[in-house]
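Participant: one predicted model, sequence on top.
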Amino acid sequence: MEVTMYTCSDYQLSQEYNLDNYKLCMLTTEHNAKKVGSEVMKQVESPLFICKKGISM
């Protein structure tokens with residue numbers, strides 16, 4: 001089995017990625033994003049640990 005390594009810019013600059021990203025942005029409201037984020041924070045043991053890891057709200 002062969003493993004291929006990619007950098008973020010390899011796929012983030014593709015047209016397919018950008019179209020999917022635009023579709024997701026169009027379907028996501030600020031209210032829904034905050035609601036989902038608060039549900040995730042309720043499920044974790046230490047919300048401060050997650051924020052330090054880069055998943056902030």
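Facilitator: Nice, I can see it. Numbering: from 1, shown residues only.

Participant: from the chain's centre, how far out does the helix or strand harbouring N32 sit?
Facilitator: Using DSSP states H and E, N32 sits in helix 30-43. Relative to the centre of its chain, helix 30-43 is centred 13 Å away, using CA atoms, centre = their mean, to the nearest Å.

Participant: what is the mean pLDDT for it?
Facilitator: Per-region confidence: helix 30-43 scores 84 on mean pLDDT.

Participant: for it, name the packing helices and strands.
Facilitator: Under the contact definition 3 or more CB pairs under 8 Å, 6 or more residues apart in numbering; DSSP states H and E, helix 30-43 sits against helix 47-52. Yep, even glycine has a C-beta here, placed from its N, CA and C like the rest.

Participant: the helix it packs on - what's its average pLDDT?
Facilitator: 56.

Participant: state the number of residues packed around the closest residue in space to N18 that isn't next to it in sequence.
Facilitator: Computed as CB to CB, 6 or more residues apart in numbering, the closest residue to N18 that is not its neighbour in sequence is Q12, at 7.9 Å. Look at Q12: counted by other CB atoms under 10 Å, it has 11 neighbours.

Participant: any idea how far Q12 lies from G37?
Facilitator: For Q12, the distance to G37 equals 22 Å [CB to CB, to the nearest Å].

Participant: repeat that for T29.
Facilitator: When T29 is compared with G37 (using CB to CB), they lie 13 Å apart.

Participant: neighbour count for the two, which is higher?
Facilitator: Legend: neighbour count by other CB under 10 Å for T29 and G37, higher for G37 (13 against 9).

Participant: in what helix or strand does M5 lie?
Facilitator: Applying DSSP H and E, one finds M5 in no helix or strand.

Participant: so what's the residue count around it?
Facilitator: Neighbours around M5, by other CB under 10 Å: 5.

Participant: next one, pLDDT for it please.
Facilitator: According to the prediction, M5 has pLDDT 80.

Participant: need the phi and psi values for it.
Facilitator: Dihedral pair for M5: phi -100, psi 140, per degrees, to the nearest 10.

Participant: any idea how far K34 is from it?
Facilitator: From M5 to K34 the distance is 35 Å (CB to CB).

Participant: now do L13
Facilitator: Counting by CB to CB - L13 and K34 are separated by 29 Å.
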